[in-house]
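Novice: I would like the atomic coordinates for the input below:
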Amino acid sequence: MVLCLWPALAARAEGFDPAASRFGFELRTRWGMKLEGEFKRYEGEVKRLHDGRHQVVLRMFTDSVEILGHPRYSEWTRGRQFFEAERYPVVVFVSKPYDEQLLKHGGDLAGDLSIRGITRPKTLTVAPSSCSRPARDCDVVATGAVRRSDYDMDDWMMAVSDRVVFVLRARLKAEVAP
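Specialist: Okay, here's the model as predicted:
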């Protein structure tokens with residue numbers, strides 16, 4: 001999932017810019033069609049830790065999932081066979097502490113991903129930055145694949161692949177002068 005990667009320049013937590021961030025995922029049908037999903041509602045922050053490293057906490061609300069251009073697939077992903085939004089309202093990613101340089105140079109971002117009450121270690125791949133101030137002047141992009149069956153989402157295996165790729169593009173809210 002999905003997320004996790006933005007330099008907190010102040011000694012406080014900073015939130016994601018809702019106008020510039022997108023947290024989503026991709027699925028493939030057995031017929032080769034790519035389905036793009038998006039969490040329309042999320043909350044999260046990047047914390048600056050005492051040792052100077054950062055940590056991301058991201059919560060994506062499953063009742064807000066939309067499969068772009070496919071209302072029936074949207075209903076399915078919110079339903080019992082997939083996220084089961086009524087019972088499990090949030091997907092959570094909490095990163096391990098990381099150095100800010102990860103955002104500039106790219107690399108692996110380890111953390112824990114919780115879906116449907118099941119928490120597993122997950123490593124996301126952060127793409128190298130295209131600017132000098134990642135998450136401020138350009139998106140931080142992270143991707144990571146999970147298997148639906150690892151989170152008890154194994155219905156419709158004949159129609160939809162087990163593999164889900166989280167695609168996360170994030171920017172922080174603009175800095176506000178004191």
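
Novice: rest of the way, CA atoms for contacts and neighbours
Specialist: Fine.

Novice: Where is the longest helix in the protein?
Specialist: The helix spanning the most residues in the chain, taking DSSP state H as the definition, is helix 71-78.

Novice: what sits up against it?
Specialist: Under the criterion Cα atoms under 8 Å, 6 or more residues apart in numbering, residues 37, 62, 63, 64, 65, 66, 67, 68, 82, 83, 84, 85 lie in contact with helix 71-78.

Novice: Please tell me how far the last one sits from residue 39.
Specialist: Translated: residue 85. Summarising the geometry, the distance separating residue 85 from residue 39, computed by Cα to Cα, to the nearest Å, is 12 Å.

Novice: Next: residue 154.
Specialist: Using Cα to Cα, residue 154 is found at 20 Å from residue 39.

Novice: likewise residue 106?
Specialist: 24 Å.

Novice: Between those two, tell me which one has more neighbours.
Specialist: The residue with more neighbours, out of residue 106 and residue 39, is residue 39; 20 against 16, by other Cα atoms under 10 Å.

Novice: In this structure that one contacts residue 66, no?
Specialist: Yes. Using Cα atoms under 8 Å, residue 39 is in contact with residue 66, at 6.6 Å.

Novice: Let me know whether residue 108 touches residue 124 as I believe.
Specialist: Yes. The pair residue 108 and residue 124 qualifies as a contact (Cα under 8 Å) at a distance of 5.7 Å.

Novice: okay, the two: which has more neighbours?
Specialist: residue 124 (24 against 17).

Novice: List the contacts of that one.
Specialist: With contacts defined as Cα under 8 Å, 6+ apart, residue 124 is in contact with 2, 108, 109, 110, 142, 143, 144.

Novice: Ok, residue 115 next?
Specialist: With the criterion set at Cα under 8 Å, 6+ apart, residue 115 makes contact with 83, 88, 90, 91, 92, 151.

Novice: Residue 55 now?
Specialist: By Cα under 8 Å, 6+ apart, the neighbours of residue 55 are 4, 5, 46, 47, 48, 49, 94, 95, 96, 97, 98.

Novice: cool, residue 150 as well?
Specialist: Neighbour list for residue 150: empty [criterion: Cα under 8 Å, 6+ apart].

Novice: Filter the contacts of residue 124 down to the ones in strands?
Specialist: Within these, residues falling in strands by DSSP state E are 108, 109, 110, 142, 143, 144.

Novice: Can you turn the buried subset of the contacts of helix 71-78 into a selection I can paste into PyMOL?
Specialist: In PyMOL, this line selects whichever of the contacts of helix 71-78 come out buried by 16 or more other Cα atoms under 10 Å:
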select buried, resi 37+62+63+64+65+66+67+82+83+84+85
